[in-house]
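Student: This is a predicted model, with the sequence first.
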Amino acid sequence: MIKILIADDHLIIRQGLRLILETETDFELVGEASDGNEALSLCKKMKPDVVLMDLRMPNMDGLTAIEKLRVEQPDTAVVILTTFNEDELMLRGLQAGARGYLLKDTDRSALFDTIRAAARGETLLKPEIMARVLSRVNAPSAAEIKTTESVNLTGREQEVLEAVARGERSKEIASHLGISERTVKAHLASIYSKLGVDSRAAAIAVAAQKGLLKT
């Protein structure tokens, strides 16, 4: 069972998500929060596998909650679920540690797939979201270019990073590169270290900003 917590300040959104999630036998809704503070408190108590986090909430916003949750409960995956289609917030959320980003009008299939990927420790970004992340590198600043030059990925690490950006799982990456899953994970660990991140989503966001991924 995948234990899920919903954090959203709108009751009708929480109720709707509850009804949708209850249709899946491998999902268990363990709590609902109306702001970031309540979300953190419930996470400590309920230990969810995945948190569906709105970014705009009173008292403590979702972005702050994601940053705190990464420190306090790094094994809990966060999927951003928001009404607003804002690239800057999206990138900040992914860099803060979120493993996915969905708009509230997404279809249930995409929602379920993203939750399950997050629970496995993987990142699943919809193509249009990935395109917007990558579009941020079209006109890098001088500072960004300088920063890019200091990140030296090996050829294999670059291949793994690009596969991750396409949404491939470790097993799929291993298969098409002809290496073991253990080796893929070792490359990912090295990539995370070089980029200063600790998740696939954050790696994609930072790599895109540094110009390491091309559209």
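Tutor: Cool, the structure landed.
Student: Tell me which helix or strand in this structure has the weakest average pLDDT.
Tutor: Sorted by mean pLDDT, DSSP states H and E, the helices and strands of the chain end with helix 142-149, the least confident at a mean of 44.
Student: and the next element down the chain from that one?
Tutor: Next in sequence after helix 142-149, counting helices and strands by DSSP states H and E, comes helix 155-165.
Student: in the helix or strand following that following helix, what's buried?
Tutor: Using DSSP H and E, the helix or strand that directly follows helix 155-165 along the chain is helix 170-177. Along helix 170-177, the positions that meet the burial threshold by neighbour count (16 or more other Cβ atoms under 10 Å) are S170, I173, A174, L177. Heads up, the C-betas are built off the backbone N, CA and C, glycines and all.
Student: Return the angle between stretch directions for helix 170-177 and helix 155-165.
Tutor: With axes from the mean of the first three to the mean of the last three Cα atoms, to 10 degrees as the criterion, the two stretches helix 170-177 and helix 155-165 enclose an angle of 130 degrees.
Student: other SSEs contacting helix 170-177?
Tutor: Packing contacts for helix 170-177, counted by 3 or more Cβ pairs under 8 Å, 6 or more residues apart in numbering; DSSP states H and E, involve helix 155-165, helix 181-195.
Student: And what about P74, helix, strand or coil?
Tutor: Secondary structure of P74, reduced to three states by DSSP: H, G, I helix; E, B strand; the rest coil: coil.
Student: okay, now the nearest residue to it once chain neighbours are set aside: neighbour count?
Tutor: Using Cβ to Cβ, 6 or more residues apart in numbering and skipping the chain neighbours, the partner closest in space to P74 is D198 (7.3 Å). By the measure other Cβ atoms under 10 Å, the count of residues near D198 is 13.
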